[in-house]
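Engineer: Pasting a predicted model and its sequence here:
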Amino acid sequence: MKRYIPFMESDPLVAVVRLQGVIAASGRGTLNDHSLAPVLEKAFKRGKPKAVALVINSPGGSPVQSSLIGARIKRLSEEHEVPVTAFVEDVAASGGYWLATAAEEIILDPSSIVGSIGVISASFGFHELMERQGIERRVYTAGKDKSVLDPFRPERPADVKRIKALQAQMHETFINHVKAGRGAKLADDRDLFTGEFWLGQTAVDLGLADSLGHLIPVMKERYGEKVKFAKYGPRRSLFSRFGANLLDDALLQVEERALWARYGL
């Protein structure tokens with residue numbers, strides 16, 4: 001009742017936003033700026049929180065969505081003057097680590113995996129299989145590079161060179177983001193930006209995180225035993241809960257499984 005009694009100070013409040021899953025522009029259960037925008041707005045505004053805690057468990061995904069979400073978190077933090085702390089569960093790698101660096105502080109479990117500061121693209125080539133089966137593919141384009149990296153024809157060196165140039169630009173953007181977020185905390189280690197990833201204390205020693213700990217004990221230590229937690233997360237629609245788009249979901253699960261598997265999870 002304290003919050004309704006004038007001149008009595010309410011118990012401190014920490015808003016907890018769970019960021020779980022692959023980062024992608026669309027797909028059930030994925031993290032993207034569109035679905036997280038209202039969640040983050042509520043977390044920073046509702047109840048005048050003392051802090052926002054991001055609970056992150058993500059192997060990464062879309063670099064653009066990672067950037068959009070991270071930028072929104074930083075903007076809301078500055079606008080409302082609310083500090084943000086990221087707590088990593090199993091993994092915050094690649095785009096997941098991008099999200100973590102949107103916070104002022106990153107706290108890990110001793111077995112948390114963080115890092116993988118790099119860019120990856122993957123596909124398959126089917127041209128030999130098609131030849132063996134006697135299948136002829138006919139493609140007509142206006143623009144000689146319209147069918148770059150076509151998986152149904154032999155790989156062209158020019159296409160590989162082009163995609164690697166794009167990846168290098170993305171990688172540089174990622175590196176600059178991490179340096180801006182972590183600053184002088186980062187160790188002078190040439191392997192930091194190679195795509196490698198590390199566990200808890202080693203990541204702290206490298207400056208990729210600040211300390212080891214868990215959400216509730218850390219927040220109680222900072223804001224007292226009476227601290228309250230308000231949990232926020234994207235809601236699944238009634239339509240999606242009953243298994244709509246089963247084929248899309250199955251394909252997404254295969255892709256998601258591959259991303260988690262990179263970290264042994």
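Structural biologist: Arrived safely. Residues are numbered from 1 along each chain as shown.

Engineer: roughly how far apart are the residue sitting nearest the centre point of the chain and Arg132?
Structural biologist: With distances taken as CA atoms, centre = their mean, the residue of the chain nearest its centroid is Gly96 (2.8 Å). Distance, Gly96 to Arg132, using CB to CB, to the nearest Å: 40 Å. The C-beta positions use only the backbone N, C-alpha and C, and glycine is treated the same way.

Engineer: Averaged pLDDT, the one helix or strand Ala158 maps to. What do you get?
Structural biologist: For Ala158, the host element (DSSP states H and E) is helix 157-182. Taken as a whole, helix 157-182 has a mean pLDDT of 80.

Engineer: ok, now stretch 15-32?
Structural biologist: pLDDT averaged over stretch 15-32 gives 87.

Engineer: Report the separation between the residue nearest to Ala53 when sequence neighbours are not counted and Ala158.
Structural biologist: Nearest non-adjacent residue to Ala53, counting by CB to CB, 6 or more residues apart in numbering: Val16, 4.9 Å away. The gap separating Val16 from Ala158 is 49 Å, by CB to CB.

Engineer: ok, these two, which is more surrounded?
Structural biologist: Val16 (20 against 10; other CB atoms under 10 Å).

Engineer: ok so, going back, does the residue nearest to Ala53 have beta-bridge partners, and which?
Structural biologist: Beta-bridge pairing for Val16 (DSSP bridges): Ala53, Lys231.

Engineer: Hmm, Val227 and it touching each other?
Structural biologist: No - here Val16 does not reach Val227: they are 11.0 Å apart, not a contact under CB atoms under 8 Å.

Engineer: what does stretch 183-193 rub up against?
Structural biologist: Applying CB atoms under 8 Å, 6 or more residues apart in numbering, the contact partners of stretch 183-193 are 115, 117-118, 171, 174-175, 178-179, 205-208, 210.

Engineer: With neighbour count added, can I get the residues you listed in JSON lines?
Structural biologist: Formatted as JSON lines, those follow (neighbours: other CB atoms under 10 Å):
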{"residue": "Gly115", "neighbour count": "27"}
{"residue": "Ile117", "neighbour count": "23"}
{"residue": "Gly118", "neighbour count": "18"}
{"residue": "His171", "neighbour count": "18"}
{"residue": "Phe174", "neighbour count": "23"}
{"residue": "Ile175", "neighbour count": "14"}
{"residue": "Val178", "neighbour count": "21"}
{"residue": "Lys179", "neighbour count": "15"}
{"residue": "Asp205", "neighbour count": "12"}
{"residue": "Leu206", "neighbour count": "20"}
{"residue": "Gly207", "neighbour count": "18"}
{"residue": "Leu208", "neighbour count": "26"}
{"residue": "Asp210", "neighbour count": "18"}
